[in-house]
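**Q** my questions concern the predicted model and sequence given below.
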Amino acid sequence: MFLSELTRRDLLKTFAFGAATFSASSLKTQSTLADFVSQKDKTVGELHDGSNANPVKLLAEGQIVRPQLSLPKISETDVLVVGGGPAGCCAAIAAARLGLKTTLVERYGHFGGLATGGLVVHILGHWTREGDKKVQVTQGLGEEMMKRLEGLPNGIVNREFGRNPTLDAETYKYLLVEMITEANVEVFLHSWAIDAIVDDAPDSTTGNPVVRGAVIQTKLGPQAILAKQTIDTTGDGDVFVPAGATHTQRLYNIGLPYRIGNLDRAKPQEGQKPPRHLGDVTPVPGVRWVNMTGPSLDGVDVKTLSKLELSHRKQIWKQIQEVRNTPGYEEVFLMETAPQIGVRITRVIEGEETLTLENAKAGKKYDDCVGIGGAWHGDHLGWQIPYRSLVPRNVENIITAGRSLSAEPLMSDVVRVIPNCWVSGHAAGVAAALAAKDGVIARNVSIPDVQKALLDQKAYLG
Ligand SMILES: Cc1cc2nc3c(=O)[nH]c(=O)nc-3n(C[C@H](O)[C@H](O)[C@H](O)COP(=O)(O)OP(=O)(O)OC[C@H]3O[C@@H](n4cnc5c(N)ncnc54)[C@H](O)[C@@H]3O)c2cc1C
């Protein structure tokens, strides 16, 4: 630091006081410096001597232990939403629009979860059939997002009613920034939730532990966010699991979608069979997205995920070469592989109510219905999402939405499609906001108030 300051002072002195002393050699020194260092980068910064480090200890007997640590509080909020995917973004926007201080934590640098970082861009099942009529069941925030994407260049295609649209991942990332900032949500990106904060005292009425926020891992170390209500929309239960919520852990197909470009330059011969792996249309001309099923494995096991990243990337490369080796398709290229691996289902809460395919098919009605779900295609009845499927049985003040809400395996496959995540996320945000506002545990929030607020926000409840 001293050296840089002295150098700067010396140079200033040279320029200010001494036209006479301004020699060819000092000019040479200055220009040499300018070549090698940027003027902005001259301060060394604060010195840390390492005395406050508190690393994990490897004990003599081989145990690895984390010493006790007092955490800095980075924020205190009404509603904390952890995970900025389709469910989490809807939850955060809905809560903030009700006037509550809302905080959204996301491990990556953008929002949208699998719908953007996972390159899963096909919006399945936002409408269903009632008798002869087709009904759009995804309304509220989901419909608002689709409508706003229509107004942005290359935002969405196939929006005609009764079709399943496809959105553009980059446009959706942008739109979410717009909607999250408009709603005045406090945002922590590059923050990985690693723990739940649980009150020292259990709830006096249920005896269950009470969640009071979450711990995020940042480049500055672990930091605490305190919250009246927490919503875990990480998809993997990264907060409700350490909070002690009862859940099941499932294996499911893990793939890696990707996008290819230059399809508009393909020149197949008349009658030529196109190569495999050309994927489906996107809103960007010449660009298609290619889905991948992948093997059914544990999506929270890092060894599994690492192996899959390696093998999926080899497989994609091979597929692309196959396309490029097909006459007429030589200019097709691999634009992008999904930065977020395609984990479909991992941990699912055991809720107060569990959705089953049988009940969904029978059109079971719930008093606490907070949304209507669709499925892969719309030719079936809509099914109700009861609020109790968002609420874990044995922990207070944490609820979930999206792919980890309480459902038997066959039903989870339906729950997890993007429009259903929009709908359950919207409901979770409204419920958590009203619980925080009324000072009640999330389990006891007034259902009529939640339903009214959802309808006010244009949600569809059947
Ligand atoms: C390969 C594949 C193909 C699919 N195809 C379709 C399809 O064609 N149509 C369709 O509608 N659906 C499809 N789906 C399903 C759909 O994409 C997902 O189920 C849906 O995006 C889930 O939304 P979510 O908000 O619950 O979770 P996610 O989209 O997974 O979002 C979770 C968010 O939380 C963040 N996060 C996770 N852990 C942490 C943490 N510890 N701290 C902070 N942030 C965290 C993530 O980065 C992410 O942003 C597909 C899924 C996959 C994997």
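**A** Looks like it arrived, so ask away. Quick caveat: nothing in here was measured; it's all calculated off a predicted structure.
**Q** helices of the stretch 51-200 of the chain, residue ranges please.
**A** Listed from the start of the chain, the stretch 51-200 of the chain has helices (DSSP state H, counting those that start in this stretch) covering 86-97, 140-150, 169-182.
**Q** could you do the stretch 201-350 of the chain as well?
**A** Ranges of helices within the stretch 201-350 of the chain are 302-324, based on DSSP H, counting those that start in this stretch.
**Q** where does it come near the ligand, residue by residue?
**A** Listed as neighbours of the ligand in the stretch 201-350 of the chain under the rule CB under 6 Å from any ligand atom: 233, 234, 235, 236, 238, 255, 257, 291, 342, 343, 344. Bear in mind the C-beta positions are built from the backbone N, C-alpha and C, glycine included.
**Q** farthest-separated two in those?
**A** 238 and 291 (25.2 Å; CB to CB).
**Q** out of those two, which sits in the more crowded spot?
**A** The neighbour comparison of residue 238 against residue 291 (other CB atoms under 10 Å) goes to residue 238, with 23 against 17.
**Q** please identify the deepest-packed of the helices of the stretch 51-200 of the chain.
**A** Stretch with highest mean neighbour count among these: helix 86-97 (a mean of 31; mean count of other CB atoms under 10 Å).
**Q** close to the ligand, is that helix?
**A** Yes: under the criterion of CB under 6 Å from any ligand atom, the ligand is reached by helix 86-97 at 86, 87, 88.
**Q** from the residues of the stretch 201-350 of the chain next to the ligand, which land in strands?
**A** Within those, residues falling in strands by DSSP state E are 255, 342, 343.
**Q** so what's the second one closest to, chain neighbours aside?
**A** Translated: residue 342. residue 255 (4.3 Å; CB to CB, 6 or more residues apart in numbering).
**Q** tell me the contacts of that neighbour?
**A** Contact analysis of residue 255 by CB atoms under 8 Å, 6 or more residues apart in numbering lists 291, 292, 293, 294, 312, 342.
**Q** and the residues you listed, which of them are buried?
**A** Buried members of the contacts of residue 255, scored by 16 or more other CB atoms under 10 Å, are 291, 292, 294, 312, 342.
**Q** the ligand: which of those is nearest?
**A** Proximity of the buried ones among the contacts of residue 255 to the ligand (CB to the nearest ligand atom) peaks at residue 342, which lies at 3.0 Å.
**Q** so the closest one is in contact with residue 292, correct?
**A** Yes: contact criterion CB atoms under 8 Å: residue 342 and residue 292 qualify, at 6.8 Å.
**Q** need the pLDDT of residue 266.
**A** Turning to residue 266, the model gives it a pLDDT of 96.
**Q** returning to that earlier point: and the contacts of residue 255, which two are furthest apart?
**A** Farthest pair in the contacts of residue 255 (CB to CB) is 291 and 312. Separation: 12.1 Å.
**Q** any buried residues in stretch 58-75, and which?
**A** For stretch 58-75, burial by neighbour count (16+ other CB under 10 Å) applies to 74, 75.
**Q** for that stretch, measure first residue to last.
**A** With CA to CA, to the nearest Å as the measure, the first residue of stretch 58-75 is 32 Å from its last.
**Q** just put the residues of the stretch 201-350 of the chain next to the ligand in CSV and tack on distance to residue 376 and pLDDT.
**A** CSV is the format used below for those (distance: CB to CB, whole Å; pLDDT from 0 to 100):
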residue, distance to residue 376, pLDDT
233, 22, 99
234, 24, 98
235, 19, 98
236, 23, 98
238, 27, 98
255, 16, 98
257, 17, 98
291, 13, 97
342, 16, 98
343, 19, 98
344, 13, 98
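**Q** the stretch 251-400 of the chain: strands as residue ranges?
**A** For the stretch 251-400 of the chain, applying DSSP state E, counting those that start in this stretch gives strands covering 252-255, 258-261, 280-281, 288-290, 296-297, 333-337, 342-343, 347-349, 369-373, 383-386, 398-400.
**Q** could those go into JSON lines alongside distance to residue 132?
**A** Shown next, in JSON lines, are the strands of the stretch 251-400 of the chain (distance: least, CB to CB, whole Å):
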{"stretch": "strand 252-255", "distance to residue 132": "35"}
{"stretch": "strand 258-261", "distance to residue 132": "38"}
{"stretch": "strand 280-281", "distance to residue 132": "29"}
{"stretch": "strand 288-290", "distance to residue 132": "33"}
{"stretch": "strand 296-297", "distance to residue 132": "38"}
{"stretch": "strand 333-337", "distance to residue 132": "42"}
{"stretch": "strand 342-343", "distance to residue 132": "36"}
{"stretch": "strand 347-349", "distance to residue 132": "35"}
{"stretch": "strand 369-373", "distance to residue 132": "18"}
{"stretch": "strand 383-386", "distance to residue 132": "19"}
{"stretch": "strand 398-400", "distance to residue 132": "36"}
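**Q** for residue 243, which of those strands is the nearest?
**A** Per CB to CB, nearest to residue 243 of the strands of the stretch 251-400 of the chain: strand 398-400, 5.6 Å.
**Q** what average pLDDT does that closest one get?
**A** Here strand 398-400 scores 98 as its mean pLDDT.
**Q** neighbours of the residue of the stretch 101-250 of the chain found nearest the ligand, how many?
**A** As assessed by CB to the nearest ligand atom, the ligand sits closest to residue 113 within the stretch 101-250 of the chain, at 2.4 Å. Around residue 113 sit 28 other residues, with neighbours defined as other CB under 10 Å.
**Q** which one is it nearest to, not counting chain neighbours?
**A** Distance criterion CB to CB, 6+ apart; nearest residue to residue 113, sequence neighbours excluded, is residue 85 at 2.2 Å.
**Q** gap between the one you found and residue 368?
**A** Distance of residue 85 to residue 368, computed by CB to CB, to the nearest Å: 24 Å.
**Q** who has more neighbours out of these two?
**A** residue 85 (29 against 21).
**Q** the more buried one and residue 298: what is the separation?
**A** Separation of residue 85 from residue 298 (CB to CB): 20 Å.
**Q** same check on residue 208?
**A** Plainly put, residue 208 is 28 Å away from residue 298 if you go by CB to CB.
**Q** looking at those two, which is more packed in?
**A** Using other CB under 10 Å as the criterion, residue 208 and residue 298 rank with residue 208 on top: 20 against 16.
**Q** assign residue 448 to helix, strand or coil.
**A** Under DSSP: H, G, I helix; E, B strand; the rest coil, the three-state class of residue 448 is helix.
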